[in-house]
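**Student:** next come a sequence and a model predicted from it.
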Amino acid sequence: MRVLVMTAVAPEQDAIRRGLGDDPRFEYALAGVGLAASAVNGALALSKAPYDLLLIAGIAGGFEGRAEVGSIVVASEIVAADLGSELLDGFSSLEELGFGASRVPVAEELARRATAALQAAGLPAQAGPVLTVATATGTAATAAALAARVPGAAAEAMEGFGLATAAQRLGVPVLEVRTISNRVGPRDRDAWRIGDALQALEAAGSVLAEVL
Ligand SMILES: O=C(O)c1cccc(C(=O)CC[C@H]2O[C@@H](n3cnc4c(=O)[nH]cnc43)[C@H](O)[C@@H]2O)c1
């Protein structure tokens, strides 16, 4: 299986690469931060070779009660959670507005096997929707609104939907694996445990190398 591994930034790439090991099946590219950069860079990178899988990896915020700091989330679906229109009393998604899709499916069976293998290895892993947002959540009110909008929301990050949209357009299956550096909610950058999340990403990579 020829796998393109994309992360937003280089420290995430270094971590997942350490885990996946020196294996020619895995190739790497940077997405940049956010939807626009990741969609463009994803399309460019995926166009260079016939890949069997796009593995989106990186750190993320975890929703309270769903994904604790240091744990691993395997996306069950990738949801552009703030793509739509704010209403006076809520939110309309792209689907509800009639403008297209705000969700990209993942390679379901592979996601199931990856979650099971991570758990079997004793790692704190769970499956759930991974949200893509344009603005990292910074208040309890936004965290609650997103959790209500996407039942079971496990994590939020900023690149999944852009990368997955490029992959879907090019017919490449997608897996998104995130490790949790911080809680989704009131912004407290000093509380982010980036080192722990990068270590978890490395550990996840060493298990994923056996699954992919
Ligand atoms: O400062 C560092 O050493 C460092 C190392 C690795 C990654 C970073 C980042 O800041 C990556 C930004 C990236 O992280 C995702 N992320 C993480 N937490 C959240 C969140 O609560 N809400 C949204 N996104 C989050 C996101 O995908 C960013 O691209 C720094």
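**Tutor:** Cool, the structure landed. Residues are numbered from 1 along each chain as shown.
**Student:** next one: the helix ranked longest in the chain to chain centre, how far?
**Tutor:** Among the segments of the chain that qualify as a helix by DSSP state H, the longest is helix 194-211. Relative to its parent chain, helix 194-211 has a centroid offset of 14 Å by C-alpha atoms, centre = their mean, to the nearest Å.
**Student:** other residues contacting that helix?
**Tutor:** 11-12, 14-21, 23, 26, 55, 57-60, 69-72, 110, 113-114, 117-118, 121, 123, 125, 177, 179-181 (C-beta atoms under 8 Å, 6 or more residues apart in numbering). The way it works is simple: take the backbone N, C-alpha and C, and place the C-beta from them, glycine included.
**Student:** give the buried residues for it.
**Tutor:** 196-205, 207-209 (16 or more other C-beta atoms under 10 Å).
**Student:** does stretch 193-201 come close to the ligand?
**Tutor:** Yes. Contact of stretch 193-201 with the ligand is found when judged by C-beta under 6 Å from any ligand atom, involving Ile194.
**Student:** export that stretch as PDB, just CAs?
**Tutor:** Extracted in PDB, the C-alpha atoms of stretch 193-201 (Å, rounded to 0.1, in the frame of the first residue of the first chain):
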ATOM      1  CA  ARG A 193       0.400  19.500  26.100                       C
ATOM      2  CA  ILE A 194       2.000  19.500  22.600                       C
ATOM      3  CA  GLY A 195       4.900  17.200  23.700                       C
ATOM      4  CA  ASP A 196       2.500  14.600  25.100                       C
ATOM      5  CA  ALA A 197       0.400  14.700  21.900                       C
ATOM      6  CA  LEU A 198       3.500  14.400  19.700                       C
ATOM      7  CA  GLN A 199       4.600  11.400  21.800                       C
ATOM      8  CA  ALA A 200       1.200   9.900  21.400                       C
ATOM      9  CA  LEU A 201       1.400  10.500  17.600                       C
END
